[in-house]
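> After the sequence you'll find the predicted model.
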Amino acid sequence: MNCKEFLAAFDNSKRLVCVRVSQPFLIYLFTKGNKTNALECVEGLPKGAKFHNSYYEWESNSAYLVFSHESFAEVPDGEKLPILNIEHKEIL
């Protein structure tokens with residue numbers, strides 16, 4: 001999704017990023033009986049980030065969650081929204 005398409009459908013914030021969530025991860029997460037260890041997010045969204053929308057991209061087989069925050073760089077009209085990499089570590 002590019003910035004112009006997003007802005008046409010939602011609010012006018014241009015300080016946007018996407019967070020990619022793979023289909024296999026979603027299936028694992030929502031399957032009864034599957035377990036995960038406790039995780040700590042070490043790289044991710046800043047506190048106060050606002051969720052705006054989600055969409056699915058068949059080419060990457062992933063869901064994307066769109067967030068805004070004042071610390072994100074402005075995305076010019078017509079440019080693809082940047083992907084924010086999320087990093088977790090297990091808490092033992």
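Now that the structure is in, tell me what you want to look at. Numbers count the residues shown, from 1 in each chain.

> wait, doesn't Arg15 sit right on Val66?
No. If you go by C-beta atoms under 8 Å, Arg15 and Val66 don't touch, sitting 11.3 Å apart. Where you see a C-beta, it was placed from the backbone N, CA and C, and this is true even at glycine.

> higher neighbour count, those two?
Legend: neighbour count by other C-beta atoms under 10 Å for Arg15 and Val66, higher for Val66 (19 against 15).

> The more buried one pairs with what?
Cys18, Asn53 (DSSP bridges).

> Roughly how far does it sit from Ala38?
Look at Val66 and Ala38: by C-beta to C-beta, to the nearest Å, they are 27 Å apart.

> and if you look at Phe72?
Phe72 is 28 Å from Ala38, where distance means C-beta to C-beta.

> So the two - more neighbours on which side?
Using other C-beta under 10 Å as the criterion, Phe72 and Ala38 rank with Phe72 on top: 19 against 8.

> so who does the more buried one touch?
Arg15, Leu16, Val17, Pro82 (C-beta atoms under 8 Å, 6 or more residues apart in numbering).

> Tell me, what's the model's pLDDT at the closest residue to the third one other than its chain neighbours?
Counting by C-beta to C-beta, 6 or more residues apart in numbering, Val17 lies nearest to Leu84, which is 4.1 Å off, once chain neighbours are set aside. Note on Leu84: pLDDT of 95.

> for the residue nearest the centre of the chain, what are its contacts?
Closest to where the C-alpha atoms of the chain average out (C-alpha atoms, centre = their mean) is Val19, at 1.8 Å. Going by C-beta under 8 Å, 6+ apart, Val19 touches Gly44, Leu45, Tyr64, Leu65, Phe67, Ile83, Leu84, Ile86.
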